[in-house]
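Visitor: here is a sequence with its predicted model. Questions after.
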Amino acid sequence: MEKVLLVENPSTRGFILLSAQLDSARGRLKKAQLPSSYDLAMRIWTEHPAKADVEAVVRRYFSLLRAERIPEAEQLIDHYPVHHVLKSLWTGSVEASADGDEAGRPPADGWEQDLSWLGELNLADFHWGRTGSHVYVEITYHAQIIEVALGFRVRPTDTGWVITGPATYW
């Protein structure tokens, strides 16, 4: 019988997702391994995570967006629908850079048709709130900071601490 187990990992103050085979007759574990998509699982910490841990997850989320791997990015955090994030990033980058240039203006739904523009975005500076539970990160397009930033929150749940977001800030 194949099961997925969430096992506490004390060394990282988080949990590890394991793919396990159970011997149903004996109720014992036969074999356990990390699933191939382990790096795409949402992290759950038993204690408030360190800033570096949160920033690493945000960087991974953003790298997946840039690579047009949207469904995988959605699995990393307790998220809002990514549709509004993509629309805001498009509006603040590609669409904003074409303002005043009607001939070069992209179609209004261009961001949905071709996601290659995501590869031109980069993360800039991380800005943490006083409590360490909120961070927003600036975004660049063609090496210029755009008007849209992405905000993430570290919040407790019944199972541990998770990262939620992103919210879009203008």
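Guide: Thanks, I have it.
Visitor: max-length helix in this structure?
Guide: Secondary structure assigned by DSSP state H gives helix 51-66 as the longest helix of the chain.
Visitor: all the helices of the chain, residue numbers only.
Guide: Going by DSSP H, the chain shows helices at 51-66, 70-76, 82-90, 96-97, 110-113.
Visitor: elements contacting the last one?
Guide: Spelled out, that is helix 110-113. Helix 110-113 sits against helix 82-90, with contacts defined as 3 or more CB pairs under 8 Å, 6 or more residues apart in numbering; DSSP states H and E. In this view, the C-beta of every residue, glycine as well, is placed from N, C-alpha and C.
Visitor: mind listing what's buried in the helix it packs on?
Guide: 85-90 (16 or more other CB atoms under 10 Å).
Visitor: so can I have TSV of those residues showing distance to residue 113 and pLDDT?
Guide: Formatted as TSV, the buried residues of helix 82-90 follow (distance: CB to CB, whole Å; pLDDT from 0 to 100):
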residue	distance to residue 113	pLDDT
85	17	93
86	12	94
87	13	91
88	17	93
89	15	95
90	11	93
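Visitor: tell me the one of those nearest residue 156?
Guide: residue 85 (23.5 Å; CB to CB).
Visitor: for the closest one, give me its contacts.
Guide: 65, 150, 166, 168 (CB atoms under 8 Å, 6 or more residues apart in numbering).
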